[in-house]
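Colleague: Sequence below, structure please.
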Amino acid sequence: MLEIKLKKRPYKGLFLLPIILCSLLNGGAYYPIISSIEFYGNTKTMDFVIVREIQHSLNVPLDSIIAEADRDRLDNLGTFSEVSWRVVPLEDDTGILSFILTESIQKTPPGALPVYDEKTGWSLTGGWIIQNFRGRNQTLQLGGSIGGQDTYGINFADPWMFGNHVSLSLGIGRSLFRHNFLDRELDVGSFQMTFGRWFGESIKSSLGFELEEKSFSNDNTVSDYYYYFSPQVSINYDTRNVYWNPGKGILVSHYFYFMNGIETPETSDYTFLIWRQSYSLFFKLNQSKKKLVLALNGTVKRKWGEKEEVWLNYFGDSYTVRGWALPNQKLYNSQDESFRFGHESAYASIELRKDIIPKYATKYGTEFGLSLVAFYDVGMIAEDWINLQNMKPMSGTGFGIRIPIPMVDAIRIDLGWGYRDGEWNSPTLHWGIQQKF
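Modeller: Predicted structure coming up:
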């Protein structure tokens, strides 16, 4: 078992002569035998949460690739605003591999803030979010909202609930809001449970289910009522180095969602199956700390079974093809842009991401940084796969910014122009959280 010694203060006794001599002998590099591993800066996060992410061995020469991968794994926990590492030389010519951690804001006090969502608009959202619950990297959320969307619920997640990367997430809640392009009000109540399992460092899977009750009403009259049990499976191949803003790696994702209607006096039995597959590549184009990254993505969605109007999807938001105004009832009923609605789709995105201010921890424990992004999206959506192949593609291009913040990874703001069949749209602003891919 890896023996890691804990150190709560920076190591003061730096012996510079061994560094200088070893560096000269190794062409400027310093590769001492690592006799111990230390970390400090975690005031709430329990030590075992950190130890399980460190894979560098003891009594072997320093491997900077493994040390950097350990740093990335600690950063990916989401509990630290900043993580760095260094080697502290000792008098016996060995060294200490030391990780320096800065914990981020890990909970919000009970309160309320205005929040914007592209589909539902502005809502006053209140609650309590604890990202590092009990210091175990668990997440607990309690809250709700009023305004564009009326919600309440509770969510819990633990990435190591049953041992090595065997996770559990639970959620229960209710949401009421107006559909953005159908003339209907939605009332959705749901319970969700998901188990996850990693196989090695790159293969990540999950298996879960959702029990959901959903009604669509018009003029206070329920027009469509659905009650269903939905198993869902995902499997990912993930070699990204840093989740929130990868500088290299591959992410291949396959997600299966099976909706099985439960027959009741109000509704009949029905089924459909969705298969969503996504492929992403990330390439760092420079050697600077201010990364310049080329990011590529292709996503395909297939659907078999019921294809009723209430399950329609659309293009034109911050997660599909940007540069198009969000659909509303007038646009949907006009049929002028029917090419933006459907059940099956395929789209691709190219982004050039440049760090202006690399992410760092402020003295208040918050994260800050700034990235600029240039993007191009192209895709098609249709009622079925046969019609999709005959569609003229819609595209969008523009630029945006990314600002890292605790608990949601990053705020994303994009300004885009849409293009199709020889015509350009007026510029459209999109807002979202996390990277598009």
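Colleague: Which elements pack onto the top helix by length along the chain?
Modeller: Assignment by DSSP state H gives helix 64-76 as the longest helix of the chain. Under the contact criterion of 3 or more Cβ pairs under 8 Å, 6 or more residues apart in numbering; DSSP states H and E, helix 64-76 touches strand 80-89, strand 94-103. Placement of C-beta: from N, CA and C, glycine included.
Colleague: Just give the strands next to the first one in its sheet, each with its orientation.
Modeller: Read it as strand 80-89. Partner strands for strand 80-89, per DSSP bridges, with pairing direction: strand 94-103 (antiparallel).
Colleague: quick one: average pLDDT of stretch 135-153?
Modeller: For stretch 135-153, mean pLDDT is 92.
Colleague: Can you list the buried residues in the longest helix of the chain?
Modeller: Buried residues in helix 64-76, counted by 16 or more other Cβ atoms under 10 Å: 66-67, 69-76.
Colleague: Would you reformat these as CSV and include distance to N137 and pLDDT?
Modeller: Formatted as CSV, these follow (distance: Cβ to Cβ, whole Å; pLDDT from 0 to 100):
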residue, distance to N137, pLDDT
I66, 21, 96
A67, 21, 96
A69, 18, 95
D70, 16, 96
R71, 16, 96
D72, 16, 95
R73, 12, 95
L74, 11, 95
D75, 13, 92
N76, 11, 93
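Colleague: what about the helices in the chain?
Modeller: Going by DSSP H, the chain shows helices at 16-25, 47-51, 64-76, 329-334, 385-388.
Colleague: wait, which of those is closest to I274?
Modeller: With Cβ to Cβ, the closest approach to I274 among the helices of the chain belongs to helix 385-388: 12.8 Å.
Colleague: From the contact counts, what lies against that closest one?
Modeller: For helix 385-388, the packing partners by 3+ Cβ pairs under 8 Å, 6+ apart are strand 344-361, strand 367-382.
Colleague: Out of those strands, which is closest to F315?
Modeller: Of all the helices and strands packed on helix 385-388, strand 367-382 sits nearest to F315, with 5.1 Å by Cβ to Cβ.
Colleague: Look at L182 and say how many residues are nearby.
Modeller: When neighbours are defined as other Cβ atoms under 10 Å, L182 has 19 of them.
Colleague: I'd guessed it sits against E309; true?
Modeller: Yes - the pair L182 and E309 passes the contact test of Cβ atoms under 8 Å, sitting 7.1 Å apart.
Colleague: Now do A29, the pLDDT please.
Modeller: As predicted, A29 sits at a pLDDT of 65.
Colleague: Kindly report the same for Y243.
Modeller: 92.
Colleague: What residues does it make contact with?
Modeller: For Y243, the contact set (Cβ atoms under 8 Å, 6 or more residues apart in numbering) comprises 76, 409.
Colleague: Where does the record place the domain boundaries for the protein?
Modeller: Per automatic domain parsing, the domain ranges recorded for the chain read 16-103, 179-433.
Colleague: can you redo those domains as CSV with distance to W160?
Modeller: Shown next, in CSV, are the domains of the chain (distance: least, Cβ to Cβ, whole Å):
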stretch, distance to W160
domain 16-103, 7
domain 179-433, 10
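Colleague: Of these, which is nearest G153?
Modeller: Here domain 179-433 is closest among the domains of the chain (Cβ to Cβ), at 8.5 Å.
Colleague: ok, back up a step: comparing the domains of the chain by mean pLDDT, which bottoms out?
Modeller: Among the domains of the chain, domain 16-103 scores lowest, at a mean of 86.
Colleague: and that one, how far out from the chain's middle?
Modeller: Put simply, domain 16-103 sits 27 Å off its chain's centre (Cα atoms, centre = their mean, to the nearest Å).
Colleague: neighbours around G143, how many?
Modeller: Neighbours of G143 (other Cβ under 10 Å): 19.
Colleague: I meant E309, not that one.
Modeller: 11.
Colleague: Point out the one among the helices and strands packed on helix 385-388 that comes closest to H430.
Modeller: Nearest of the helices and strands packed on helix 385-388 (Cβ to Cβ): strand 367-382, 10.1 Å.
Colleague: Adjacent strands (with direction) for the closest one?
Modeller: Strand 367-382 has its sheet partners listed here by DSSP bridges as strand 344-361 (antiparallel), strand 394-405 (antiparallel).
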